[in-house]
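Trainee: kindly generate the corresponding structure for this input.
(chains A and B)
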Protein chains: 2
Amino acid sequence: MINIKTINVGLLGIGTVGGGTFKVLQRNAAEISRRAGCPIHISVVADRNLALIQEVTGGTCRMTDDAFSVVADPEVDVVIELIGGYGVAKDLVMAAIAHGKHVVTANKALLAVHGNEIFAAAQAKGVIVAFEAAVAGGIPIIKAVREGLAANRIEWIAGIINGTTNFILSEMRDKGLSFATVLKEAQRLGYAEADPTFDVEGVDAAHKITLLASMAFGMPVQFDKAHIEGISTLQATDIEYAEQLGYRIKLLGITKRTAEGVELRVHPTLIPTKRLIANVEGAMNAVLVQGDAVGSTLYYGKGAGAEPTASAVIADLVDISRMHTAAQENRVPHLAFQADQLVGLPILSIDEVVTSYYLRLRVQDKSGVLAEITRILAEANVSIDAMIQKEPSEGEEQADLVLLTHQTREKNINAVIAQIEALAVVDGKVVKLRMETLG
Amino acid sequence: MINIKTINVGLLGIGTVGGGTFKVLQRNAAEISRRAGCPIHISVVADRNLALIQEVTGGTCRMTDDAFSVVADPEVDVVIELIGGYGVAKDLVMAAIAHGKHVVTANKALLAVHGNEIFAAAQAKGVIVAFEAAVAGGIPIIKAVREGLAANRIEWIAGIINGTTNFILSEMRDKGLSFATVLKEAQRLGYAEADPTFDVEGVDAAHKITLLASMAFGMPVQFDKAHIEGISTLQATDIEYAEQLGYRIKLLGITKRTAEGVELRVHPTLIPTKRLIANVEGAMNAVLVQGDAVGSTLYYGKGAGAEPTASAVIADLVDISRMHTAAQENRVPHLAFQADQLVGLPILSIDEVVTSYYLRLRVQDKSGVLAEITRILAEANVSIDAMIQKEPSEGEEQADLVLLTHQTREKNINAVIAQIEALAVVDGKVVKLRMETLG
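Mentor: Predicted structure coming up:
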């Protein structure tokens, strides 16, 4: 049955995702209300660019350049925040909550940094803050983790959750090009922004894995504890050696529950090529979740773009159209666990993380070099899984030595690397990359 | 906040999945209630084998061999039906609904065949029938289609939704063995049942794609209209030729919306090897969903087994613990669309389906043979995408000719095949397989 009662939406920001949301809601209005049981109507749009609102909406709804009037508008049931950033977006979300509005947002930065404050305010006011679009675009990964896998003790999550860096890594591998060259191409194609820092340095992925970690393990968001490394210093050489050893390099967001605490980290990672997630190419996203009952499940799709992100925003609107009539304690909790059931699990320092490593060394082509290096590894109880020893190129006296180690603790491998770098037969710094079997 | 009110469950059947459900609920009781906001407790278990109940539960709940007493039990809020089949399971589900109990079931056969009657009864009585475990085991694919992708006009779904056949196909390809040989191995390993008909003939996959089709397009279940072909006649030769052409053969459940009606079919299908879903191996499941806004999304995981299936059963219990307090019209509808908003879309006969084809012919090694065959194809407007022409083996006068066609209508290709088979230079029947680019 389709109710007469319409869900009235105030949309903040009519840029790429806002425009996509407007268009999809309009195009699929009939099917969406056949599902939701009520019409979902954008009644007012706020943007500094009024001409753009007019262009996108064709004047089918009220428009304003004053977003604060929308969050206070008595006609509005739900506010969609698509402005982004931590500044005015935060004030608007907090004001919307204070006015008793439900909120839908795609703003991972805001929630990863200020989520605890925002969710607490929403809880106190009895409103919902929905954010499916904040992680992996159109892939319903938050719904999967929060609801679909509710039976499970989740053990770890590993995700390709930044399309820009995955596009760059795919191109670097396919074409053997450098990071800088591919970044320029990505900027030209619109896959990377003019200032790509947040993407290429791993900050965006860290925002997203921070949110997933809290939902997986039932803890407050702790973005400031995340270990973050991007791909800007990654060499094409290492992508090639990894390939020879049967691995792909992906920028993964990883969170893992251990006896000592929770690992929360973003860095370039070697993954066995035979894993499905290693074959996620271009700007696509994929998230692998390991639960104790279900085993491994993987979720794949477009992680960005106007309509894929709109898909997630509108799914949240439909959910709110159902849940706003349910008693608050029966709603899906913001971070998967009931607000008073969150536990302050410690995030481990990167020094305490246990994983496997890829090491690349520049060594002199003399007898005894390998013996010296393997002695250092053996004394630190680091065992070697695989190795590539190159002949020096014509006219050179040094060659590359590549090692894959078995699992060890990060501080242990760092001590090993310091010893190796101090050897006279080793030139320059050791390149260290982390490796996950995801088995 | 964790409520004092417990959700009391009556479990029908303590076999593999029932036992798994009991164990996971017990093992993860604390995390599950931290999510659900209330404890979920199995208060009574029914099974003909009382000793098995005792063994699995350790006597922690009431037990009975009378399942009908459970569905009428005033203490029970939710009935989990894990008996299977269309017989007593149907009577029990209908009786549970009549007694005002919510129902969770993993029974795809029951719902694909009697779903319309069951959902109508549930709707009339105001109870929920949840069935995440009925399709693709622990993968939350029903939640994704029904809720996560609610913004989308879904265009098609294609899934590897039967682990037994995917295991057999993976082994046939890896080892070059025949269907019969691998089936025996699968039976020995427990991947195939003693009577494997439902799996290998595609009936189980057809049950599941029938349910997905209804949720994707908002129509009643129409299992009797599904076109079903299994893998029992598939030759290892065709798997090998497909591989040479860059394709894998998978048993896919496919449903597609067209202007004339809905395609609903299960058959062995060539898929480009580069697609992620082509690389889903062994007993794993994966479902690819194409939505107009989100594009392609893929969901991957274990499609069967005690705990993966239990994961889905318990996710449904948690959902019910939330939704049973919501007004009925706000609940997630059984078939994704509100009950009175389902539309009687026609299912197309297989003759009307448009796809691409793989044809394998045994032809005499004479000049002019290829010209004759290509003339027949050209006259029927079937264009050729790729071809393998083999030399005859030593001492033979016939050779294999393999053709991939571009898209055409099934009745058109059947007419072409009849003409080709009538040629004097062609020996025996033409092998026809369907091909999907899933692009």
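Trainee: verify the stated contact: A:Ala216 with A:Ala158.
Mentor: No: here A:Ala216 lies out of contact with A:Ala158, judged by Cβ atoms under 8 Å, at a distance of 11.2 Å. Using the backbone N, CA and C atoms, a C-beta is placed for each residue, glycine as well.
Trainee: enumerate the residues of the stretch 151-300 of chain A near chain B.
Mentor: Contact residues, the stretch 151-300 of chain A versus chain B (Cβ under 8 Å from any Cβ of the partner chain): A:151-153, A:218, A:276, A:279-280, A:291-300.
Trainee: at 10 Å what do you get?
Mentor: For the stretch 151-300 of chain A, the contact set with chain B under Cβ under 10 Å from any Cβ of the partner chain comprises A:151-154, A:215, A:217-218, A:274-277, A:279-281, A:284-286, A:288-289, A:291-300.
Trainee: of those, which belong to helices?
Mentor: Residues of these located in helices (DSSP state H): A:Met215, A:Phe217.
Trainee: buried among the residues of the stretch 151-300 of chain A next to chain B? Need that as a selection in PyMOL.
Mentor: Of these, the buried ones go into a single PyMOL selection, burial set by 16 or more other Cβ atoms under 10 Å in any protein chain shown:
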select buried, chain A and resi 151+152+153+154+215+217+218+275+276+277+279+280+281+284+285+286+288+289+291+292+293+294+295+296+297+298+299+300
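Trainee: one step back: hey, what's in contact with both of A:Ala216 and A:Ala158?
Mentor: Taking Cβ atoms under 10 Å, 6 or more residues apart in numbering or on different chains as the criterion, A:Ala216 and A:Ala158 both touch A:Ile209, A:Thr255, A:Lys256, A:Val289, A:Gln290.
Trainee: possible to save the residues you listed as TSV with pLDDT?
Mentor: Listed next are the shared contacts of A:Ala216 and A:Ala158 as TSV, based on pLDDT from 0 to 100:
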residue	pLDDT
A:Ile209	98
A:Thr255	98
A:Lys256	98
A:Val289	98
A:Gln290	98
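Trainee: now render these as CSV, adding distance to A:Ile239.
Mentor: Formatted as CSV, the shared contacts of A:Ala216 and A:Ala158 follow (distance: Cβ to Cβ, whole Å):
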residue, distance to A:Ile239
A:Ile209, 22
A:Thr255, 25
A:Lys256, 24
A:Val289, 26
A:Gln290, 26
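Trainee: would you map the strands across the stretch 301-439 of chain A?
Mentor: Secondary structure of the stretch 301-439 of chain A (DSSP state E, counting those that start in this stretch): strands located at A:354-364, A:384-389, A:398-405, A:408-409, A:426-435.
Trainee: make JSON lines out of the ones you listed and add mean neighbour count, mean pLDDT and distance to B:Gly19.
Mentor: Formatted as JSON lines, those follow (neighbours: other Cβ atoms under 10 Å in any protein chain shown; pLDDT from 0 to 100; distance: least, Cβ to Cβ, whole Å):
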{"stretch": "strand A:354-364", "mean neighbour count": "20", "mean pLDDT": "97", "distance to B:Gly19": "34"}
{"stretch": "strand A:384-389", "mean neighbour count": "14", "mean pLDDT": "95", "distance to B:Gly19": "38"}
{"stretch": "strand A:398-405", "mean neighbour count": "20", "mean pLDDT": "96", "distance to B:Gly19": "40"}
{"stretch": "strand A:408-409", "mean neighbour count": "17", "mean pLDDT": "98", "distance to B:Gly19": "38"}
{"stretch": "strand A:426-435", "mean neighbour count": "18", "mean pLDDT": "97", "distance to B:Gly19": "37"}
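Trainee: who wins for proximity to A:Ala306 among these?
Mentor: With Cβ to Cβ as the measure, strand A:426-435 is the member of the strands of the stretch 301-439 of chain A nearest A:Ala306 (34.0 Å).
Trainee: domains for chain A, by residue range?
Mentor: Taking automatic domain parsing as the domain assignment, the ranges for chain A are A:7-130, A:142-302, A:354-435.
Trainee: for B:Phe68, which of those is the nearest?
Mentor: domain A:142-302 (27.5 Å).
Trainee: output stretch A:125-137 as PDB, restricted to C-alpha atoms.
Mentor: Below are the C-alpha coordinates for stretch A:125-137, written out as PDB (Å, rounded to 0.1, in the frame of the first residue of the first chain):
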ATOM      1  CA  LYS A 125      17.200  13.500  19.900                       C
ATOM      2  CA  GLY A 126      15.900  10.200  18.700                       C
ATOM      3  CA  VAL A 127      16.700  10.800  15.000                       C
ATOM      4  CA  ILE A 128      18.600   8.700  12.500                       C
ATOM      5  CA  VAL A 129      21.900   9.600  10.800                       C
ATOM      6  CA  ALA A 130      22.300   7.400   7.800                       C
ATOM      7  CA  PHE A 131      25.500   7.200   5.900                       C
ATOM      8  CA  GLU A 132      25.600   4.300   3.400                       C
ATOM      9  CA  ALA A 133      27.000   6.600   0.700                       C
ATOM     10  CA  ALA A 134      30.000   7.500   2.900                       C
ATOM     11  CA  VAL A 135      31.800   4.100   2.300                       C
ATOM     12  CA  ALA A 136      32.300   2.500  -1.100                       C
ATOM     13  CA  GLY A 137      29.600   4.500  -3.000                       C
END
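Trainee: mind listing the residues bridging to A:Asn285?
Mentor: Following DSSP bridges, A:Asn285 is listed with bridge partners A:Gly301.
Trainee: got it, and A:Gly159?
Mentor: For A:Gly159, the beta-bridge partners under DSSP bridges are A:Gly253, A:Val287.
Trainee: surely it and A:Ile141 touch.
Mentor: Yes: assessed by Cβ atoms under 10 Å, A:Gly159 is found in contact with A:Ile141 at 7.7 Å.
Trainee: what touches both of these two?
Mentor: Common neighbours of A:Gly159 and A:Ile141 (Cβ under 10 Å, 6+ apart) are A:Val135, A:Lys208, A:Leu212, A:Asn285, A:Ala286, A:Val287, A:Val289, A:Tyr299, A:Gly303.
Trainee: excluding its backbone neighbours, what's nearest A:Glu410?
Mentor: A:Val353 (4.8 Å; Cβ to Cβ, 6 or more residues apart in numbering or on different chains).
Trainee: now do the contacts for the one you found.
Mentor: A:227, A:254, A:256, A:258, A:263-265, A:267, A:409-411, A:413, A:434.
Trainee: ok, A:Val76 next?
Mentor: A:Val76 touches A:7-11, A:42-44, A:69-70, A:96, A:99, A:101-102, counting by Cβ under 10 Å, 6+ apart.
Trainee: inside strands: which ones of the residues you listed?
Mentor: A:Ile7, A:Asn8, A:Val9, A:Gly10, A:Leu11, A:Ile42, A:Ser43, A:Val44, A:His102 (DSSP state E).
Trainee: which of those residues sit farthest apart?
Mentor: So, those by Cβ to Cβ: farthest apart are A:Val44 and A:His102, at 15.2 Å.
Trainee: those two - which one has more neighbours?
Mentor: A:His102 (27 against 21; other Cβ atoms under 10 Å in any protein chain shown).
Trainee: report the contact partners of the more buried one.
Mentor: Going by Cβ under 10 Å, 6+ apart, the list of residues near A:His102 reads A:7, A:9, A:76-80, A:96, A:122, A:125-130, A:316-317, A:319-321, A:323-324.
Trainee: write the PyMOL selection for whichever of these are buried.
Mentor: To isolate the buried subset of the contacts of A:His102 in PyMOL, counting by 16+ other Cβ under 10 Å, use the following:
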select buried, chain A and resi 7+9+76+77+78+79+80+96+122+125+127+128+129+130+316+317+319+320+321+323+324
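Trainee: so which of the contacts of A:His102 belong to helices?
Mentor: Short answer: the contacts of A:His102 in helices (DSSP H) are A:Ala96, A:Ala122, A:Lys125, A:Asp316, A:Leu317, A:Asp319, A:Ile320, A:Ser321, A:Met323.
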